[in-house]
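In: Build me a model from this:
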Amino acid sequence: MYLTYYSSPEIKEIILDEFAPGDLLRFGRTNRANSLLIVDYMLSRFSVDRFLGQFFTPLQVQEFFLLLRHADLLVNGLPVFHFLNRSIDRSRCLDLVVNDSDTVVCFPWLASAGYELYLPVDNAEWEEHEDAGSDHGDSEGGDENSVHSDDGEEIMLTNHTRSFSGAHDLVQGVIDFVKRGDKRDMFIRLAITKRTSIEVLLASKSTCAFNFISGSGIYSLYPDSTFDKQLSLVIRNDSNDSVLSSAHTFESMGFTSIEVPSILDRADHKSDFYAGETLSDGSDVIHVRYVGDTRCWRLPIPGATPSKYIVSWVLAYEGSEAHSVYTGVTPRGTSQHRD
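Out: All right, here's what the predicted structure looks like:
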C-alpha cells in the first residue's frame, strides 16, 4: 500500500504503527514529504498534550508550554524517552530541569497547578515514590543548598538525587513536588541548575538519556543509536562510578551499553558517535554538534518558537572513556551550522 502525507489518518496509523522507531527515523529522512508525514503521525498518535496531560489539566498544559518558551526550563528523563520510543510509560514522575533564576516563576506556577512540596510520611512512602519516578543515578544525600520562593521563603534543596551524579557541580539541588489524587499521586522532580538547563542534560550518563522537551520542540540528540541500534554509550564526565546506574536502566530495557564505540563508528561521518578526525597534515578536525542539527530528531510542539541561541557540544574520547563536552551558546544566525 502506497503511503503519502495525504493518506487518511486511519491508513497512516495502520501502516506506521507497525514501524519500529528506527524505521520511522529512516523513512522520515528519505525526503521532505515523508519527514512531514512522520511528524504529523507522531504528533497525532502520540500527542505531547496527552503526554503532559498525565500531570496537568488541558489549560495547565497550555500554560506549561508558555513556561517552556519563556523560562530556562526543560522536560527530560525516562518519560520523554518512552514518548519518542512509543512505548508504555507507567511513571508517575515528571523530571524538570530549571535554571535557578527561573525558580521564582516555576514555584508559584506549580503551586497554582495543584502541586505541593513533597514530604514523605515515612520510609515506605518514600520508597514507593522513588519507584514511581526517574531514571537518574544513585543518591547523593545531604541538604546543603537552598533557594527562595517568590515570597522570600527559604526552601531547602534535598539533594537526595538519585540524579545528576555527573552534573553535581552544575546542579544546586533537587526538589520533589506532589499532587495528591483520588486514585494515585503524581510527582514532579525539579532539578535547580547553577547554569543553563541544557548543560545539565549534556552531562547525562548515557546517550539514550539525551532526549528533552523545550520551548522550541521535542528533541533526541542521538536518535539513530538510541531508537534504531539500541546502543547506550556510557558518558563519563567525572570519576563517579555511579555513572553506570543510568546505563543499567537502559540495559534492563534491552539496550547494549558500550564504553567506547568501534573505530568504524568513530570514523563514520554518518554515525551518532563520530567525533572528528585527524587530517593527513596531522591537524585535528573536531566535530561540533548543535541542538537541532540534521542528526537530531525534532518534533514540534504547539506554539513552538525557535531558540534565540544555538547550543553546541562535542563528543570526545579519552582512552577508554567517552565525554560529552558543552562548548557554549551563540546567537542564532552568527555561526556556521545546519539546524
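In: so how far is residue 320 from residue 19?
Out: Counting by Cβ to Cβ, to the nearest Å, the gap from residue 19 to residue 320 is 36 Å. All C-beta spots, glycine's among them, are computed from the backbone N, C-alpha and C.
In: between those two, which one's more packed in?
Out: Neighbour totals were compared for residue 19 and residue 320, and residue 19 leads with 16 against 8 (other Cβ atoms under 10 Å).
In: Give me the nearest residue to the more buried one, chain neighbours excluded.
Out: Spatially, and ignoring its direct neighbours in sequence, residue 19 is nearest to residue 27 (6.8 Å; Cβ to Cβ, 6 or more residues apart in numbering).
In: so is the one you found in a helix, a strand, or just coil?
Out: Look at residue 27: counting by DSSP: H, G, I helix; E, B strand; the rest coil, its state is helix.
In: Count the neighbours of it for me.
Out: 17.
In: helix or strand for the nearest residue to residue 215 once chain neighbours are set aside, which one?
Out: Distances taken as Cβ to Cβ, 6+ apart place residue 69 nearest to residue 215, at 3.5 Å, with adjacent residues excluded. Counting by DSSP states H and E, the element that carries residue 69 is helix 58-70.
In: Other residues contacting that helix?
Out: Outside of helix 58-70, the residues within contact range by Cβ atoms under 8 Å, 6 or more residues apart in numbering are 49, 52-53, 56, 73-75, 105-106, 109, 113, 213-216, 301-305.
In: Please narrow those to those residing in strands.
Out: Per DSSP state E, strands hold the following members of the contacts of helix 58-70: 73-75, 213-214.
In: Give me the buried subset of those.
Out: Buried members of the ones in strands among the contacts of helix 58-70, counted by 16 or more other Cβ atoms under 10 Å: 73-75, 213-214.
In: Now pLDDT and distance to residue 184 too, for the residues you listed, in a markdown table please.
Out: Formatted as a markdown table, these follow (pLDDT from 0 to 100; distance: Cβ to Cβ, whole Å):
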| residue | pLDDT | distance to residue 184 |
| --- | --- | --- |
| 73 | 93 | 25 |
| 74 | 93 | 25 |
| 75 | 93 | 20 |
| 213 | 93 | 23 |
| 214 | 91 | 28 |
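In: Could you find which two of those residues are furthest from each other?
Out: Spanning the widest gap among those are 73 and 213, at 9.4 Å by Cβ to Cβ.
In: Which of the helices or strands spans residue 10?
Out: Using DSSP H and E, residue 10 maps to helix 9-16.
In: Tell me the gap between that helix and the middle of its chain.
Out: 28 Å (Cα atoms, centre = their mean, to the nearest Å).
In: Name the surrounding residues that touch that helix.
Out: If you take Cβ under 8 Å, 6+ apart as the criterion, helix 9-16 is touched by 1, 3, 24, 37-38, 40-41, 44-45.
In: Return the set of buried residues in it.
Out: When burial is assessed from 16+ other Cβ under 10 Å, helix 9-16 yields the following buried residues: 12, 16.
In: For residue 195, which non-adjacent residue is spatially closest?
Out: Nearest one to residue 195, counting by Cβ to Cβ, 6+ apart, is residue 170 at 5.7 Å.
In: repeat for residue 184
Out: Nearest residue to residue 184 in three dimensions, chain neighbours excluded: residue 92, at 6.3 Å (Cβ to Cβ, 6+ apart).
In: That concludes my questions; thank you for your assistance.
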